[in-house]
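Enquirer: would you be able to build a 3D model of this:
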Amino acid sequence: MNKDNDNSSRARKTPSKSFSQILIESDIPFVPTIGKFLQLFVTKYGRRTVFIFIFGFLVALIPIYGYTLIFEHLPFIKNHFPVNGVTNDILLHGNVSIQKIGRSAETFKNEFEVVLGTAKGPFNTKEIADGSFKIIVPLLQEYSIVVMCDKNYKYFGNRVVAETKGTYSLPDTLILHDNP
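Expert: You can find the predicted model right below:
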């Protein structure tokens, strides 16, 4: 019996791809970059060192995860997600006016949208053109506001919300300026 011709007892091994090579060939955004960094660190420091580093990083995340389970948020990080399935949504009221050159501010009659993260609106329909808006938003201390109208927009910056007897509103009227 010739051992050189006996292929039944030995399985042919095809070269397997490394984990970093699988990441590099991935179509998921940023994953190929992670694979290239992993490949670079393995060639520079060795597999054992990289494994110990990744294992240590994951072990260090365990107390952070436990803290968030107990206290429901991390300090110094704003939580925009509902806690325990409860949302803190409010109905925010506000007004938009327009100031024409040489005149005082008037109620804005045209249709507009208010952007607080996502566009809300339109407001000022044909039936009601009083320049007011009401938006359901998550409760925050201040909002970054943009008003869009006639394919133009105005950024109002961060505005603080006032609460009066359970009603939340912007204390100042948002004033658009009519520049010819």
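Enquirer: ok, the residue nearest to V115 when sequence neighbours are not counted - contacts?
Expert: In space, and not counting its chain neighbours, V115 is closest to V146: 4.0 Å by C-beta to C-beta, 6 or more residues apart in numbering. Every C-beta, even on glycine, is put in place using the N, C-alpha and C of the backbone. With contact set as C-beta atoms under 8 Å, 6 or more residues apart in numbering, V146 has these partners: V114, V115, Y153, K154, Y155, F156.
Enquirer: can you pull the phi/psi pair for V146?
Expert: With angles defined as degrees, to the nearest 10, V146 sits at phi -130, psi 130.
Enquirer: circling back to that earlier point, selecting buried members of the contacts of V146 in ChimeraX, what would you type?
Expert: This is how ChimeraX selects the buried members of the contacts of V146, with burial counted by 16 or more other C-beta atoms under 10 Å:
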select :114,115,156
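Enquirer: quick one, strands of the protein?
Expert: Assigned by DSSP state E, the chain shows strands spanning 89-100, 105-107, 112-116, 118-123, 132-138, 142-149, 152-160, 162-164, 167-169, 174-178.
Enquirer: mean pLDDT for those strands - can I get that in JSON lines?
Expert: As requested, these are arranged in JSON lines below (pLDDT from 0 to 100):
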{"stretch": "strand 89-100", "mean pLDDT": "81"}
{"stretch": "strand 105-107", "mean pLDDT": "79"}
{"stretch": "strand 112-116", "mean pLDDT": "76"}
{"stretch": "strand 118-123", "mean pLDDT": "68"}
{"stretch": "strand 132-138", "mean pLDDT": "80"}
{"stretch": "strand 142-149", "mean pLDDT": "80"}
{"stretch": "strand 152-160", "mean pLDDT": "79"}
{"stretch": "strand 162-164", "mean pLDDT": "80"}
{"stretch": "strand 167-169", "mean pLDDT": "82"}
{"stretch": "strand 174-178", "mean pLDDT": "77"}
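Enquirer: tell me which of these sits most buried.
Expert: Burial of the strands of the chain is given as mean neighbour count (mean count of other C-beta atoms under 10 Å); strand 112-116 ranks first at a mean of 20.
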